[in-house]
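A.B. asks: Got a predicted model here, sequence first, then my questions.
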Amino acid sequence: MTVLDRSDALRPDYDFIVCGAGSSGSVVARRLAENPDAQVLLIEAGGDDEAEEVLDPSRWPANLGSERDWGFQAEPNPHLDGRSLSMSMGKGLGGGSSINVMVWARGHRNDWDAFAAESGDPDWGYEPVLNIYRDIENWRGAPDPRYRGTSGPVWVQPAPDPSPIAGAMLAAAAEIGVPTFDHPNGAMMEGPGGAAISDVLMRDGRRHSLFRAYLHPLRDRPNLTVLTRATVRRVVIEGGRAMGVEILRDGAVLTIRAGLEVVLSLGAMHTPKVLMHSGVGDEAELGRFDIPVTQHLPGVGQNLQDHLSFGCIWEYREPIAPRNSGSEATLYWKSRPELDSPDLLFCQVEFPVPSERTAARGAPAHGWTMFAGLARPGSRGRVRLTAADPGTPITIDPNALSDPADLDTALRCVDLCRELGAAQAFKPFVKGEALPGRLGGEAMKQFVRESAVTYWHQSCTAKMGRDSMSVVNGSLEVYGVQGLRVADASIMPRVTTGNTQAPCAIIGERAARMIRAAHGV
């Protein structure tokens with residue numbers, strides 16, 4: 001693997017160009033480069049992943065707002081009292097997997113079966129995807145051959161030596177009738193949900209990002225080139241076929257050709273941006289900036305989804321130092337008993353996490369947070385261009401809580417948090433509830449609007465499917481453009497139930513397998 005930075009030599013053409021070295025792009029590049037006859041270029045806008053803030057699991061918050069964060073800012077949202085949410089996204093080798101909380105959450109059975117139904121491809125279904133998970137995992141917990149694999153590249157383990165507050169959360173869940181499991185990535189996500197110690201991507205006490213898992217072992221492969229600090233501006237499309245990419249590097253714009261395929265793995269913000277700057281998108285949207293239309297696809301940039309969280313906080317009796325990443329226990333449950341799968345997502349955080357608004361209500365100096373939110377939101381937003389120049393930023397309108405049902409579910413979510421936090425299991429550790437406190441009616445709705453923050457699980461802006469708003473088919477090929485695929489969270493028809501890192505690895509695996517089959521590599 002040759003890593004190029006600044007003015008190092010670059011070939012004029014490659015067989016495959018993968019844009020984005022995040023949780024999906026790292027996987028695609030690895031699998032394509034396993035064939036020594038395939039010349040693969042992986043392009044990343046950020047730098048390397050050698051910083052201690054990346055490698056030390058406890059220091060992940062230091063990456064937010066740093067040079068390793070794209071630092072997106074959403075438009076003011078009238079459904080959140082005009083608040084503009086910060087929407088972090090990884091920038092650098094590993095992408096989000098290098099700055100996130102390292103949680104490995106596969107998604108629910110219903111997610112993958114829905115993907116299969118939307119795409120018309122049964123290989124997106126739960127059982128085939130479960131086989132891939134077993135193939136790629138190197139599971140370090142208690143043996144569970146039905147659900148876990150032990151020989152793959154991804155080192156997965158339960159959070160080691162978890163805090164007593166994590167154990168208290170599992171005991172509290174059991175008190176209120178939520179079942180507990182040995183791990184969250186098996187039977188727990190085939191039914192109504194449950195609680196468990198989180199699975200994390202850590203190895204020997206260090207972050208084990210998907211870049212580290214997939215591409216570090218290929219350091220001796222001369223057919224893989226990784227280009228850092230280069231921004232993809234647009235895909236070069238000629239005669240309905242992707243012929244390469246235009247990039248910005250060291251202040252100069254240059255074009256690199258792709259002999260076989262271009263793969264966009266730039267994430268749910270920049271993948272639709274690059275598509276639109278390439279002339280692929282809604283003709284009315286492109287017409288606002290006189291961008292010539294290569295392929296009219298009205299769904300590009302639409303259908304934006306994210307998990308929205310509402311931080312409920314309890315004050316410790318005595319300070320308890322966070323362990324590992326500071327998030328070691330997770331819970332999924334239903335807001336209404338008639339549902340057949342969980343629509344609520346809970347990650348315990350071992351320190352206070354108020355929003356900028358709720359901090360003013362009086363968050364304690366020492367305490368824990370139930371980072372709880374909507375696993376299956378109904379609200380949809382969009383990403384839009386601001387100019388024809390690819391160097392200009394995008395506008396992001398998450399439109400969070402625009403669906404009235406989401407506000408109702410959020411209120412049920414907070415109620416469940418408060419019930420959980422009041423359980424006997426927390427009594428030895430907790431002095432009392434700090435936020436939201438005893439609120440009702442409009443006051444509790446106001447708390448929801450003020451406490452809402454993103455889980456940083458942006459997705460669905462180039463969705464897979466067969467309707468008029470779909471951007472890619474079941475093989476992740478962009479409709480109407482040959483030699484161009486998308487492999488990242490933007491292809492999700494709906495956001496998966498839980499953290500999106502693990503599903504992005506599956507998207508990368510499936511894309512690579514289909515590409516290799518198509519070209520005999």
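C.D. replies: Nice, thanks for sending it over. Residues are numbered from 1 along each chain as shown.
A.B. asks: quick one: the strands in the stretch 301-450 of the chain?
C.D. replies: Residue ranges of the strands in the stretch 301-450 of the chain, as given by DSSP state E, counting those that start in this stretch, are 308-316, 329-333, 344-349, 367-374, 382-385, 394-397, 430-435.
A.B. asks: right, I mislabeled it, should have said the stretch 51-200 of the chain
C.D. replies: Under DSSP E, counting those that start in this stretch, the stretch 51-200 of the chain gives strands at 72-73, 86-87, 137-139, 154-158, 194-197, 199-200.
A.B. asks: could I get those strands as a markdown table with mean neighbour count, distance to Val521 and mean pLDDT?
C.D. replies: C-beta coordinates here come from the backbone N, C-alpha and C atoms, glycine included. What follows is those, written out as a markdown table (neighbours: other C-beta atoms under 10 Å; distance: least, C-beta to C-beta, whole Å; pLDDT from 0 to 100):
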| stretch | mean neighbour count | distance to Val521 | mean pLDDT |
| --- | --- | --- | --- |
| strand 72-73 | 17 | 35 | 97 |
| strand 86-87 | 18 | 36 | 95 |
| strand 137-139 | 22 | 25 | 98 |
| strand 154-158 | 22 | 23 | 98 |
| strand 194-197 | 24 | 39 | 98 |
| strand 199-200 | 24 | 32 | 98 |
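A.B. asks: With Glu175 as the reference, name the closest of those strands.
C.D. replies: strand 194-197 (10.8 Å; C-beta to C-beta).
A.B. asks: Report all helices and strands that that closest one contacts.
C.D. replies: helix 164-175, strand 329-333 (3 or more C-beta pairs under 8 Å, 6 or more residues apart in numbering; DSSP states H and E).
A.B. asks: can you point me to the longest strand in the chain?
C.D. replies: The single longest strand within the chain, with elements called by DSSP state E, is strand 252-264.
A.B. asks: mind listing what's buried in that strand?
C.D. replies: Neighbour counts over strand 252-264 (16 or more other C-beta atoms under 10 Å) mark 256, 258, 260-264 as buried.
A.B. asks: Could you do stretch 473-481 as well?
C.D. replies: Under 16+ other C-beta under 10 Å, the buried positions of stretch 473-481 are 473-478, 481.
A.B. asks: Pick out the most distant pair among these.
C.D. replies: Going by C-beta to C-beta, the pair spanning the buried residues of stretch 473-481 furthest: Gly474 and Val481, at 15.8 Å.
A.B. asks: related to what we said a few turns ago, quick one: closest of the strands of the stretch 51-200 of the chain to Thr386.
C.D. replies: Of all the strands of the stretch 51-200 of the chain, strand 72-73 sits nearest to Thr386, with 12.9 Å by C-beta to C-beta.
A.B. asks: residues in contact with the residue lying closest to Arg68 once chain neighbours are set aside?
C.D. replies: Closest residue in space to Arg68, ignoring its immediate chain neighbours: Gly92 at 4.7 Å, by C-beta to C-beta, 6 or more residues apart in numbering. Contacts of Gly92 were listed using C-beta atoms under 8 Å, 6 or more residues apart in numbering, and they are 21, 44, 46-49, 54, 67-68, 98-99, 228.
A.B. asks: follow-up on the earlier one: for the buried residues of stretch 473-481, give me CSV that also has distance to Thr461 and secondary structure.
C.D. replies: Shown next, in CSV, are the buried residues of stretch 473-481 (distance: C-beta to C-beta, whole Å; DSSP: H, G, I helix; E, B strand; the rest coil):
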residue, distance to Thr461, secondary structure
Asn473, 16, coil
Gly474, 18, coil
Ser475, 19, coil
Leu476, 14, coil
Glu477, 17, strand
Val478, 13, strand
Val481, 17, coil
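A.B. asks: hang on, Leu297 packs against Tyr479?
C.D. replies: Yes - using C-beta atoms under 8 Å, Leu297 is in contact with Tyr479, at 5.9 Å.
A.B. asks: which residues do those two both contact?
C.D. replies: Val471.
A.B. asks: Tell me where the chain has helices.
C.D. replies: Under the criterion DSSP state H, the chain carries helices at the ranges 25-33, 52-55, 109-119, 126-136, 164-175, 210-214, 267-277, 283-287, 404-421, 441-451, 501-519.
A.B. asks: Quick check: which of the ones you listed is nearest to Arg323?
C.D. replies: Proximity to Arg323 (C-beta to C-beta) singles out helix 164-175 among the helices of the chain, at 8.1 Å.
A.B. asks: got the contact list for the closest one?
C.D. replies: Here helix 164-175 makes contact (C-beta under 8 Å, 6+ apart) with 159, 179-180, 194-197, 320, 328-329, 331, 348, 350, 368, 420-421, 423-426, 428-429.
A.B. asks: Can I have the buried ones of those as a PyMOL selection?
C.D. replies: Selecting only the buried entries of those in PyMOL, with 16+ other C-beta under 10 Å as the criterion:
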select buried, resi 159+180+194+195+196+197+320+328+329+331+348+350+368+420+421+423+425+426+429
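A.B. asks: Quick one: mean pLDDT for stretch 466-474?
C.D. replies: In this model, stretch 466-474 has a mean pLDDT of 98.
A.B. asks: Same check on stretch 324-343?
C.D. replies: 97.
A.B. asks: Keeping just the C-alphas, turn it into PDB.
C.D. replies: Output in PDB follows, covering the C-alpha atoms of stretch 324-343 (Å, rounded to 0.1, in the frame of the first residue of the first chain):
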ATOM      1  CA  ASN A 324     -13.000   2.600  27.700                       C
ATOM      2  CA  SER A 325     -14.800   5.000  25.400                       C
ATOM      3  CA  GLY A 326     -17.200   6.100  28.200                       C
ATOM      4  CA  SER A 327     -20.100   4.300  26.500                       C
ATOM      5  CA  GLU A 328     -20.300   0.600  27.500                       C
ATOM      6  CA  ALA A 329     -24.000  -0.400  27.700                       C
ATOM      7  CA  THR A 330     -26.800  -0.200  25.200                       C
ATOM      8  CA  LEU A 331     -30.500  -0.800  25.100                       C
ATOM      9  CA  TYR A 332     -33.100  -1.100  22.400                       C
ATOM     10  CA  TRP A 333     -36.800  -1.100  23.100                       C
ATOM     11  CA  LYS A 334     -40.300  -0.300  21.800                       C
ATOM     12  CA  SER A 335     -42.200   2.800  22.500                       C
ATOM     13  CA  ARG A 336     -45.500   0.900  22.000                       C
ATOM     14  CA  PRO A 337     -46.200  -2.700  22.800                       C
ATOM     15  CA  GLU A 338     -47.800  -3.400  19.500                       C
ATOM     16  CA  LEU A 339     -44.600  -2.800  17.500                       C
ATOM     17  CA  ASP A 340     -42.800  -5.900  16.300                       C
ATOM     18  CA  SER A 341     -39.300  -4.400  16.600                       C
ATOM     19  CA  PRO A 342     -37.600  -1.600  18.600                       C
ATOM     20  CA  ASP A 343     -38.000   2.000  17.600                       C
END
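A.B. asks: Good, we can wrap up now.
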